[in-house]
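Asker: Can you look at this prediction? I've put the sequence above it.
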Amino acid sequence: MTFELAPELQRDCIALADWPLCKVLLMNDSQYPWFILVPRINGLKEIIDLTDIQQKTFWLESAKLSELLRDVFNPDKLNVAALGNMVPQLHVHHIARFTTDIAWPKPVWGLHSPVAYSDEQLVELKKALSL
């Protein structure tokens with residue numbers, strides 16, 4: 001069976017890379033460095049739905065993304081969360097937060113309308129992340 005990304009994630013995100021287990025997405029909101037890991041396995045809702053080996057791979061990929069965000073953006077805090085209340089497909093948000101961002105200290109969800117990345121911003125971001 002071919003992997004299918006939830007329609008909401010397809011609509012709101014830009015695909016950046018496919019790692020061994022996860023698809024790496026960028027939320028198309030330039031107000032925050034906001035990335036999402038999605039294991040490329042259909043039907044998952046929770047991290048515990050992954051096999052033991054898949055969980056280890058997931059956590060390694062999550063750590064890799066977190067380290068990348070810390071190194072590239074130097075945030076005040078990394079927010080890593082798997083909520084799934086609106087999109088049940090297993091996906092884990094990795095957001096570089098700053099005390100100066102427009103939502104601080106509140107969660108980023110639904111506070112402000114998204115501001116899409118320009119083509120130039122995407123080129124620069126991909127270059128900085130080496131993805």
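Answerer: Received the coordinates, thanks.

Asker: For the host helix or strand of Ala63, buried residues please.
Answerer: Per DSSP states H and E: Ala63 is located in helix 52-73. Buried residues in helix 52-73, counted by 16 or more other C-beta atoms under 10 Å: 54, 57-58, 61-62, 65-66, 68-69, 73. For every residue, glycine as well, the C-beta is placed using N, CA and C.

Asker: Show the contacting residues for Val72.
Answerer: Val72 makes contact with 33, 128-129, according to C-beta atoms under 8 Å, 6 or more residues apart in numbering.

Asker: Spatially central residue in this protein, please.
Answerer: Most central in the chain under C-alpha atoms, centre = their mean is Ile36, positioned 1.5 Å from the mean C-alpha point.

Asker: circling back to that earlier point, which among the contacts of Val72 gets closest to Pro88?
Answerer: Pro33 (24.9 Å; C-beta to C-beta).

Asker: Glu4 and Val123: what is the separation?
Answerer: From Glu4 across to Val123, the span is 28 Å (C-beta to C-beta, to the nearest Å).

Asker: low-scoring stretches of this structure, by residue?
Answerer: 1 (pLDDT under 70).

Asker: Tell me where it has helices.
Answerer: In the chain, the helices defined using DSSP state H lie at 7-12, 52-73, 119-129.

Asker: I'd like those helices as CSV, with distance to Leu83 appended.
Answerer: As requested, the helices of the chain are arranged in CSV below (distance: least, C-beta to C-beta, whole Å):
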stretch, distance to Leu83
helix 7-12, 12
helix 52-73, 15
helix 119-129, 24
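
Asker: closest to Val108 out of these?
Answerer: In terms of C-beta to C-beta, the element of the helices of the chain nearest to Val108 is helix 7-12, at 12.4 Å.
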